[in-house]
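In: sequence plus predicted model, see below.
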Amino acid sequence: MTVRTRFAPSPTGYMHIGGMRTALFNWLFARHHGGQFLLRIDDTDQQRNMEEALEPILNAFRWLGLNWDEGPEVGGPYAPYFQSQRTASYAAALGKLLSEGTAYRDFEPAEETRAQKEAADREKRQYVSSRASVNLTADEVKSKMSAGEPFVIRFLIPRDEKVVISDHVRGQVEWDCSLMPDPVIARNDGSPLYNFATVVDDAEFRITHVIRAEEHLSNTPIQVLLHKALGNRMPEWAHIPYVAAPGGKEKLSKRKIAAYRNNPQFQKLFELGDAVLGRIGLDPKSDSLSPVMVEYYRRVGFLPEGVLNALARLGWSLDDQTEILSLAKIVESFSLDRVIRSPAGLDPDKLISFQSYWMTQLPAADKLQACLSFLREAKLIDGDTEDVRQYVARVIELAADRLRVFGDIFQLDEFFVDDSCLRYDEKNFQKRVVNPEAAIDLMRAVRKQFSECDDFKAPVLHDLVHAFVTERTIKAGELFPAIRLCVTGKAQGADLFCTLEILGKDRVLGRIDRSLGRAESARG
RNA sequence: GGCCCUAUCGUCUAGCUAGGUCUAGGACAUCGGAUUUUCAUUCCGGUAACGGGGGUUCAAAUCCCCCUAGGGUCACCA
């Protein structure tokens, strides 16, 4: 029997990074076993704009390269894959349960049910359903229905049973049914609720392994019972730990972003966004895009390889050594029994470290392509001429491993802004250009040498500046930072002479002039 | 609170199923040192963990029990 797994997102308008990890494990398990991975849209409770809410989720899968064999857009033998379009299946299953007496129409008013629950809580006893409606005769049910009395459909829990599952991650887990209230499986209008729709669909889609986050563990006994009542073939279960917030054990949640900003472990991720998102016209402080979402990583300039590697290593490991894994390698070696049982906090440091590694592995041409689109989006370049491409390629080469994510290209904005728009690190400009007595005269002398240099190349400039330093018997430390500050506005950066070469003589001279002007007026 | 789950360096984890070779391994982070005109990289080195208490055993991170702590879930959401 071929393995079939599924991921069943509800269309919420964004893809949660933890959900992505769950989806990844499903995808990996299916691919490892040569089976199928499908996407089902759990939209039983959605009134919102479907397309708008689904697209970001599909995009996340596409970006990471996790294809689905059946589901939205690709269809499949068990179509449709939207729960909102599968009402006939639910109606049929409902009819079966009702006629066999394993489900019943519950006419008890909601307030009454709630009151019973509260009373049970108060008296510290376990609440179970009153089942007042179970004893209604067929005629009574009929007359109540025709009188328009509201009801819900509940599944009749077999109270004398125990449910035992053998979970691929957790081993044997069991529940005592006598403690379980009868769950509502459908509303008045016949629309199904999660636990019921999931069971019907998992069976119809021939899902063999239900791999989902641990928070669903408590839903499992109900689903097992439902499968049994429906006469389904039981899927196997694997409850993987959820993804926790960095450094903690609490479930990563979109609603807690404000608090995460103050989480020191989370800081690095927010810093990336703060540095990058504003450049491409997105509000870095807006909660509509945060490190909880897959989209965030794409926009900041992560590589699918980096994110995938980090996600795969969250709660799963190959052995005691291997950290760097390509998707192909993960597919090859993935297994459920190497999934850890306790929740794993997202590890920003490690994520960035994986990302940096995969960035170094990326072919120059791909790096260029991506940086071009980031720069264009930030309006730091326009056009796509060969000149622009070559120029950007040189900057990327210079940046070398400073480029961890594509957004880091913005840290080298001195290569792209107009001389007049160059921004200065004021504190260091003061310290190295304005304050030192000799700095301005030194810079003037260097400027003169630069202007007389006909071969404005890094090695030439290197020799030139070193000769200058030796001749004047000054320390490199007196001059180098001043040159850098004057030309780039920054206190540190990539190789100084290559920087000068790429900028070119004209811009270098122009920027020195401008900087010297600033320095003089600062001295008063 | 009920039910359920979990517990190894700061973090992600290996080791636990078949107890000894674990004076507990790796990675990230961190701290030193070397390289570098700065930053980054790279290379060396260091600090750092079996939650507690009982058992079982010649021997326990590994098996059993209790405690403690953390977490998930308790919807006519998914």
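Out: Received, thanks. Here the structure is a predicted model, which is why all the values come from computation and not from measurement.

In: CA atoms for contacts and neighbours, from now on please.
Out: OK.

In: RNA strand B contacts on the stretch 351-500 of chain A?
Out: A:353, A:401-402, A:476-477, A:480-481, A:491-497 (CA under 7 Å from any atom of the strand).

In: any of those buried? List them.
Out: Neighbour counting by 16 or more other CA atoms under 10 Å classes A:353, A:402, A:480-481, A:491, A:496-497 among these as buried.

In: now the two most distant members of those.
Out: Greatest spacing in those, by CA to CA: A:S353 and A:F480 (30.7 Å).

In: returning to that earlier point: could you dump the buried ones among the residues of the stretch 351-500 of chain A next to RNA strand B into CSV and include pLDDT and secondary structure?
Out: As requested, these are exported to CSV (pLDDT from 0 to 100; DSSP: H, G, I helix; E, B strand; the rest coil):
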residue, pLDDT, secondary structure
A:S353, 97, helix
A:R402, 96, helix
A:F480, 95, helix
A:P481, 95, helix
A:A491, 93, coil
A:L496, 96, helix
A:F497, 97, helix
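
In: spatially, what comes nearest to the closest residue to RNA strand B within the stretch 1-150 of chain A if we skip its sequence neighbours?
Out: With CA to the nearest atom of the strand, the shortest gap between the stretch 1-150 of chain A and RNA strand B falls at A:D42, namely 3.7 Å. Spatially, and ignoring its direct neighbours in sequence, A:D42 is nearest to A:S10 (4.5 Å; CA to CA, 6 or more residues apart in numbering).

In: hang on, the one you found in a helix?
Out: No. Counting by DSSP: H, G, I helix; E, B strand; the rest coil, A:S10 is not found in a helix; it is coil.

In: wait, doesn't it sit right on A:I41?
Out: Yes. Between A:S10 and A:I41 there is a contact under CA atoms under 8 Å: 5.7 Å.

In: which residue ranges of the stretch 1-150 of chain A form strands?
Out: Per DSSP state E, counting those that start in this stretch, the stretch 1-150 of chain A carries strands over the ranges A:4-7, A:36-39, A:103-106.

In: burial count for the residue in the stretch 301-450 of chain A that RNA strand B sits nearest to?
Out: Per CA to the nearest atom of the strand, A:G315 is where the stretch 301-450 of chain A lies closest to RNA strand B, at 2.8 Å. Around A:G315 there are 21 other residues, counting by other CA atoms under 10 Å.

In: do I have it right that it meets A:P343?
Out: Yes. Using CA under 8 Å, A:G315 is in contact with A:P343, at 7.2 Å.

In: need the residues touching each of the two.
Out: A:P241 (CA atoms under 8 Å, 6 or more residues apart in numbering).

In: thinking again about what came up before, quick one: the residues of the stretch 351-500 of chain A next to RNA strand B as a markdown table, columns for distance to A:R279 too.
Out: Output for these, formatted as a markdown table (distance: CA to CA, whole Å):
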| residue | distance to A:R279 |
| --- | --- |
| A:S353 | 23 |
| A:D401 | 21 |
| A:R402 | 18 |
| A:A476 | 35 |
| A:G477 | 33 |
| A:F480 | 29 |
| A:P481 | 27 |
| A:A491 | 21 |
| A:Q492 | 21 |
| A:G493 | 20 |
| A:A494 | 21 |
| A:D495 | 25 |
| A:L496 | 25 |
| A:F497 | 27 |
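
In: which ones are touching the closest residue to A:E236 other than its chain neighbours?
Out: Computed as CA to CA, 6+ apart, the closest residue to A:E236 that is not its neighbour in sequence is A:H209, at 4.7 Å. By CA under 8 Å, 6+ apart, the residues touching A:H209 are A:3-5, A:235-238.

In: can you give me phi and psi for A:H209?
Out: As for A:H209, its main-chain torsions (degrees, to the nearest 10) stand at phi -130, psi 120.

In: do the same with the one 10 residues further on
Out: Phi and psi for A:N219, reported as degrees, to the nearest 10, are phi -80, psi -20.

In: show the contacting residues for it.
Out: A:N219 makes contacts with A:N195, as judged by CA under 8 Å, 6+ apart.

In: state the distance from it to RNA strand B.
Out: 6 Å (CA to the nearest atom of the strand, to the nearest Å).

In: per-residue confidence at that residue?
Out: Per-residue pLDDT puts A:N219 at 96.

In: and what of A:N49?
Out: At A:N49, the pLDDT value in this model is 67.

In: for A:Q46, same thing?
Out: As summarised for this prediction, A:Q46 has a pLDDT of 63.

In: got the contact list for A:M50?
Out: If you count contacts by CA under 8 Å, 6+ apart, A:M50 has them with A:P11.

In: before we move on, what about A:I483?
Out: A:I483 touches A:443, A:512, counting by CA under 8 Å, 6+ apart.

In: what helix or strand does it sit in?
Out: helix A:476-488 (DSSP states H and E).

In: buried residues, stretch A:472-479. List them.
Out: Within stretch A:472-479, the residues scored as buried using 16+ other CA under 10 Å are A:478-479.

In: endpoints of that stretch, how far apart?
Out: From its first residue to its last, stretch A:472-479 covers 11 Å (CA to CA, to the nearest Å).

In: chain center to it: distance?
Out: How far stretch A:472-479 lies from its chain's middle: 49 Å, per CA atoms, centre = their mean, to the nearest Å.

In: with stretch A:351-369 instead?
Out: Put simply, stretch A:351-369 sits 18 Å off its chain's centre (CA atoms, centre = their mean).

In: and stretch A:170-185, by the same measure?
Out: The answer for stretch A:170-185 is 32 Å, by CA atoms, centre = their mean.

In: for that stretch, C-alpha coordinates in CSV please.
Out: Taking Å, rounded to 0.1, in the frame of the first residue of the first chain, the C-alpha atoms of stretch A:170-185 are listed here in CSV:
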residue,chain,number,x,y,z
ARG,A,170,4.9,8.9,21.1
GLY,A,171,4.4,5.2,21.3
GLN,A,172,1.3,3.9,23.1
VAL,A,173,-1.2,6.5,24.2
GLU,A,174,-4.6,5.7,25.7
TRP,A,175,-7.8,7.4,26.7
ASP,A,176,-10.8,6.4,28.8
CYS,A,177,-14.0,7.1,26.9
SER,A,178,-16.1,7.4,30.0
LEU,A,179,-14.5,10.8,30.5
MET,A,180,-15.4,12.2,27.1
PRO,A,181,-18.4,14.4,26.3
ASP,A,182,-20.2,13.6,23.0
PRO,A,183,-18.6,15.8,20.5
VAL,A,184,-20.6,17.9,18.1
ILE,A,185,-19.9,16.7,14.6
